[in-house]
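> how would this look folded up:
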Amino acid sequence: QENQLIASGSMGTKSRRYLVPWCRWHKQSDYDPSGHYVLLPDRDGPRVIRVKHHEMTLNLRNTKTVEWDVKTTAAALMGNLRCLRFDLVNNAHWDSRWYDDAFWPSTVVSVTDPSGAPLPFIHKKDQLLVLLPAPANAGSTVNIMAKGRADMIYQVTAESFGLIQARWYPQYGQRGGRATFHWTIRVPRPFTVTGSGRLVREFEDKETNQNGIEILSDTPVSFPWAIFGKFRKSEDAYVGEESKKSAKLSIHTVSIQGSGTPDKKVQDFFTESKDILKLYENIYGSYPYEELHIAQMGPGLGFGQGPPYFVQLTGELFQAGESKLGKFSIHDFLSHEIAHQWWGNQVGWASEDDDWLSEGFASYAAGVFIHALQKHAGLQAMLDGWRMEAKLGDKEAPIAAASMSTLMPISRFCRTSSIPSRPQWYPPKTIARA
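Predicted structure coming up:
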């Protein structure tokens, strides 16, 4: 594993300290004969197990706590496997991690086998250890049932909420690994929910005063996502020009300061999304999923995200008037985040150091779309800008270090600011040098 030099600072209260990583390095023994290494092999290999499917119910009775009930199906990759280790935060607040009782705690209520027999477990230091009743053989299937609750909900706008970007249910592998999933999510009325996956059904539970959805993905994915609020939902569809494959499109907007998204802007979103999908399919192949859902986040965030099946964008892009943030426009944001359906989702990461690849390819794909949108006039200016940034950054560190050097401070800031972390815009774009 990686070696780290870490300092500890006090938060001014008894037994409350935070950790500040200074640097990471590898020993010679970490490398194989060809000079390569596997970053955190137990987490990123994965060598011990491979999670194949999550069957989960998420029950949100309020706008603070998620109650989760999950059946995790995993394949054993080694013999005589008696103890399973999953990533599961004790606390999603970066400076309070490993503590059980501060700010955003995640608590395991029970762990059982499929028959309901309890299994011994330990939940400490952002890990869940589960002792199996008997050793599992290589190639065998292991099913673990777990229940818990997590204070992982943050407010996005006055009318919408999201879930903290953290491993608040049992996961394994880089970015939680790649697995199929089947989720049923219930949220308090009058809110509705959207997110990753193919929509199976929407429903209303009058007994609990909740609205809900059932979503699934038969394609293994990492980092599935959900957001809920007083959404206005609009629907359309995209049909591939060559593949003839149909993908359902939906846009979910909220009212901000009494003003909703104009109908024309919603239609413009649909039209441009179809143009982007058409262009990318011609270059990268068929759109990987059956649906694409686009949701409005709060204004002023200044960024977007593109989990599988799903795009969420900074709120001002949906408001009336010109949708432009500095030198970036709605065209940049939307095309970049849709590109992540290929770069980052269909093609994933081996480690956190690979974020620059998905960001770089997504930014380049967005440049290709802007180039086509502006009648072949925009890409060269973007390439010139990226080359200039690459020259400035080249003296400091290799390209891959961009993610490592920028993501940690952003992640720490965003966790303490109740905003999901995002990759830095500029350093990863140095891929334009290639």
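> tell me who's in contact with Ser34.
Going by Cβ atoms under 8 Å, 6 or more residues apart in numbering, Ser34 touches no other residue. The C-beta positions use only the backbone N, C-alpha and C, and glycine is treated the same way.
> and Ala75, how many residues sit next to it?
Other residues lying near Ala75 total 15 when counted by other Cβ atoms under 10 Å.
> actually Met145, not the one I wrote
Residues lying near Met145 (other Cβ under 10 Å) number 19.
> surely it meets Lys71?
Yes: contact between Met145 and Lys71 holds when scored by Cβ atoms under 8 Å: they sit 5.3 Å apart.
> which parts of this protein are helices?
Per DSSP state H, the chain carries helices over the ranges 41-44, 263-284, 330-339, 355-373, 379-394, 401-416.
> list residues touching both of Met145 and Lys71?
Listed as contacting both Met145 and Lys71 by Cβ under 8 Å, 6+ apart are Pro114.
> before we move on, back to that, can you put the helices of the chain in a markdown table and add mean pLDDT, mean neighbour count and distance to Trp183?
Below are the helices of the chain laid out as a markdown table (pLDDT from 0 to 100; neighbours: other Cβ atoms under 10 Å; distance: least, Cβ to Cβ, whole Å):
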| stretch | mean pLDDT | mean neighbour count | distance to Trp183 |
| --- | --- | --- | --- |
| helix 41-44 | 47 | 16 | 23 |
| helix 263-284 | 95 | 17 | 24 |
| helix 330-339 | 92 | 24 | 21 |
| helix 355-373 | 89 | 22 | 24 |
| helix 379-394 | 77 | 15 | 38 |
| helix 401-416 | 39 | 17 | 23 |
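> could you dump these to a markdown table with distance to Ala136?
Shown next, in a markdown table, are the helices of the chain (distance: least, Cβ to Cβ, whole Å):
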| stretch | distance to Ala136 |
| --- | --- |
| helix 41-44 | 16 |
| helix 263-284 | 39 |
| helix 330-339 | 40 |
| helix 355-373 | 33 |
| helix 379-394 | 46 |
| helix 401-416 | 34 |
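> how about those, which one is nearest Phe318?
Minimum separation from Phe318 across the helices of the chain (Cβ to Cβ) falls at helix 263-284, 6.5 Å.
> which strands and helices sit next to the closest one?
Helix 263-284 sits against strand 232-239, strand 246-253, strand 291-296, helix 330-339, helix 355-373, with contacts defined as 3 or more Cβ pairs under 8 Å, 6 or more residues apart in numbering; DSSP states H and E.
> other residues contacting that helix?
Here helix 263-284 makes contact (Cβ under 8 Å, 6+ apart) with 234, 236, 238, 240-243, 247, 249, 251, 253, 287, 292, 294, 318, 320, 323, 330-331, 334-335, 338-339, 342, 365, 368-369, 372-373.
> for stretch 165-172, same thing?
Residues external to stretch 165-172 that are found in contact with it (Cβ under 8 Å, 6+ apart): 43, 46, 49-51, 54, 56, 66, 68, 70, 72, 74, 85-89, 92, 104, 106, 126, 128, 144, 146, 148, 150, 152, 176-177, 414-415, 420-421.
> can you select the buried ones from the residues you listed in ChimeraX?
ChimeraX command restricting those to the buried ones, with burial defined by 16 or more other Cβ atoms under 10 Å:
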select :43,46,49,50,51,54,56,66,68,70,72,74,85,86,87,88,89,92,104,106,126,128,144,146,148,150,152,176,177,414,415,420,421
